[in-house]
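Colleague: 3D, please:
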Amino acid sequence: MIKNVAVVGCGIGRTHIVSYAAHPDKFRVVAICDLNDERLASIGDEFGIARRTKDFDEVLRMEDVDIVDVCTPPAVHLEQILASLAAGKNVVCEKPLVGSVADVDKVIAAEKQSKGRVLPIFQYRYGNGIMKAKHIIDQGIAGKPYLASVEVFWKRTSKYYDNPWRGRWETELGGVLVTHAIHLHDLLTFVMGPVKSVFARAATRVNDIEVEDCVVGSLELQNGALASTAATLGSQDEISRLRFCFENVTFESCQKPYAPGDDPWKIIPASPEVQAKIDQAFEGWNFVPTRFEGLFAPYHEALVTGGALPITLADARRSLELLTAFYQSIETERPQTLQVGPDHPRYTNWSLANKGADILRYAARA
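Modeller: The predicted model follows:
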């Protein structure tokens, strides 16, 4: 059963369109929406999409649209998700899903009242390398988790921020934590389990922006494992790298900055006996495609069967709890737990636009 999609926002939305096109038996992009006339024309012509509009409400009135794919700037996600659910549409939404834990709780409540469901985008989970590692762990072969390290060493120049919404608390909702490292932090929890607490420091050192572009963090996971993370937008050689140390296996990702889940991953067993178990676990293994292409296949299956979505609002909530704890730790200079509820000081807004911004500027001068 082919599902009709309307893509809203033709920046990163173009990548979504390419990935839907990789599944012509599952999806058809029937409409695009963007405020930029030139981009509407360019993307529409490139992919042969005749229905083009600048009016989001018009998309919601399209009776043949099954999925509204939200690829707009973060500050408008909540409004567009809630409106799409109210119209009975399924929703795909780019990260960060919304701007606070309170907002994701609103989305969770709205989804329960709608016939539509929300797929938060964490496409880095898909790739043959990371899925092989996850399979070994899920089979119980890896054993006790010990320690992990996460590196997000990317490059963004002033040209990247020559944009009406990037680099600003009000519109981008944060910096390297929100827009870039969020992917790798999701992979950390995907592989190692939920985070219990975080201690972090941040600075704005690379570009003249409001938000942070350098972060380091020390994390404790709920299962007792430890993790370190470092992220910057000032690296001349772009890499993403994860290393996971378990009792019986050590894993290390490839270093592709925007596809760390792809092969080749190092899978280092503790003994020949462990290697034999790994070999047996991969008998009949089916290759997992990368990023959106890998994600959209199980997404379609979930829509058709009514089964669980491959990524859920619970996953998104955990991600936003981690962001909230990061920013709270950065301001207070203390470890913070991930128990973020209505009584948390940043439940409704994790922004450091006021007092926290002074911390970032001070660190930048040092």
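
Colleague: where do the helices sit along the protein?
Modeller: 13-21, 37-47, 56-60, 77-86, 101-112, 128-138, 169-172, 176-179, 181-192, 272-281, 291-305, 313-332, 355-365 (DSSP state H).

Colleague: dump those helices into CSV; add mean neighbour count and distance to residue 231 as well.
Modeller: C-beta: built from backbone N, CA, C; applies to glycine. As requested, those are exported to CSV (neighbours: other Cβ atoms under 10 Å; distance: least, Cβ to Cβ, whole Å):
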stretch, mean neighbour count, distance to residue 231
helix 13-21, 19, 22
helix 37-47, 14, 29
helix 56-60, 17, 32
helix 77-86, 20, 22
helix 101-112, 18, 21
helix 128-138, 20, 18
helix 169-172, 18, 15
helix 176-179, 24, 5
helix 181-192, 22, 4
helix 272-281, 13, 31
helix 291-305, 19, 19
helix 313-332, 22, 10
helix 355-365, 15, 14
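
Colleague: so who does the nearest residue to residue 133 once chain neighbours are set aside touch?
Modeller: In this structure, residue 133 finds its nearest non-sequential neighbour in residue 251, 4.6 Å apart by Cβ to Cβ, 6 or more residues apart in numbering. For residue 251, the contact set (Cβ atoms under 8 Å, 6 or more residues apart in numbering) comprises 133, 136, 142, 191, 242-244, 265-268.

Colleague: can I get the residues you listed in a markdown table including distance to residue 173?
Modeller: Listed next are these as a markdown table, based on distance: Cβ to Cβ, whole Å:
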| residue | distance to residue 173 |
| --- | --- |
| 133 | 30 |
| 136 | 35 |
| 142 | 35 |
| 191 | 26 |
| 242 | 24 |
| 243 | 29 |
| 244 | 29 |
| 265 | 31 |
| 266 | 35 |
| 267 | 36 |
| 268 | 38 |
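
Colleague: name the member of those residues with the most neighbours.
Modeller: Within the contacts of residue 251, most neighbours by other Cβ atoms under 10 Å means residue 242, with 28 neighbours.

Colleague: which of the contacts of residue 251 lies closest to residue 213?
Modeller: residue 242 (20.6 Å; Cβ to Cβ).

Colleague: ok, now which ones touch the closest residue in space to residue 21 that isn't next to it in sequence?
Modeller: In this structure, residue 21 finds its nearest non-sequential neighbour in residue 47, 7.1 Å apart by Cβ to Cβ, 6+ apart. Going by Cβ under 8 Å, 6+ apart, residue 47 touches 17, 21, 29.

Colleague: make TSV from the residues you listed and add distance to residue 58 to it.
Modeller: Listed next are the contacts of residue 47 as TSV, based on distance: Cβ to Cβ, whole Å:
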residue	distance to residue 58
17	18
21	23
29	16
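
Colleague: ok, those residues vs residue 339, which is closest?
Modeller: Among the contacts of residue 47, and counting by Cβ to Cβ, the member closest to residue 339 is residue 17, at 39.0 Å.

Colleague: quick one: residue 240 from residue 193, how far?
Modeller: According to Cβ to Cβ, to the nearest Å, residue 240 stands 20 Å off from residue 193.

Colleague: more neighbours: which of the two?
Modeller: Ranked by neighbour count (other Cβ under 10 Å), residue 240 and residue 193 place residue 240 first, with 25 against 15.

Colleague: which residue would you name as the spatial centre of this protein?
Modeller: When the chain is reduced to its mean C-alpha position, the nearest residue by Cα atoms, centre = their mean turns out to be residue 122, at 3.7 Å.

Colleague: distance of it from residue 287?
Modeller: Taking Cβ to Cβ as the measure, residue 122 falls 20 Å from residue 287.

Colleague: swap in residue 86?
Modeller: 39 Å.

Colleague: low pLDDT regions in the stretch 251-366 of the chain?
Modeller: For the stretch 251-366 of the chain, applying pLDDT under 70 flags the ranges 355-359, 361-366.

Colleague: make TSV from the helices of the chain and add distance to residue 199 to it.
Modeller: Putting the helices of the chain into TSV (distance: least, Cβ to Cβ, whole Å) gives the following:
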stretch	distance to residue 199
helix 13-21	34
helix 37-47	42
helix 56-60	40
helix 77-86	29
helix 101-112	19
helix 128-138	26
helix 169-172	22
helix 176-179	14
helix 181-192	14
helix 272-281	33
helix 291-305	31
helix 313-332	5
helix 355-365	14
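
Colleague: ok, back up a step: want to throw the contacts of residue 47 into JSON lines with distance to residue 111 and pLDDT?
Modeller: JSON lines is the format used below for those (distance: Cβ to Cβ, whole Å; pLDDT from 0 to 100):
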{"residue": "17", "distance to residue 111": "25", "pLDDT": "97"}
{"residue": "21", "distance to residue 111": "27", "pLDDT": "96"}
{"residue": "29", "distance to residue 111": "23", "pLDDT": "98"}
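
Colleague: which one of those is nearest to residue 114?
Modeller: residue 29 (22.0 Å).

Colleague: who does the nearest residue to the closest one once chain neighbours are set aside form a beta bridge with?
Modeller: Distances taken as Cβ to Cβ, 6+ apart put residue 5 closest to residue 29, at 4.8 Å, once the chain neighbours are dropped. Beta bridges link residue 5 to residue 29, residue 67 when assigned by DSSP bridges.

Colleague: domains of this structure?
Modeller: Domain assignment for the chain by automatic domain parsing gives 3-121, 144-246.

Colleague: how about the ones you listed, which one is nearest residue 128?
Modeller: Here domain 144-246 is closest among these (Cβ to Cβ), at 14.2 Å.

Colleague: how far does the closest one stretch from one end to the other?
Modeller: Distance across domain 144-246, first residue to last, is 6 Å (Cα to Cα, to the nearest Å).
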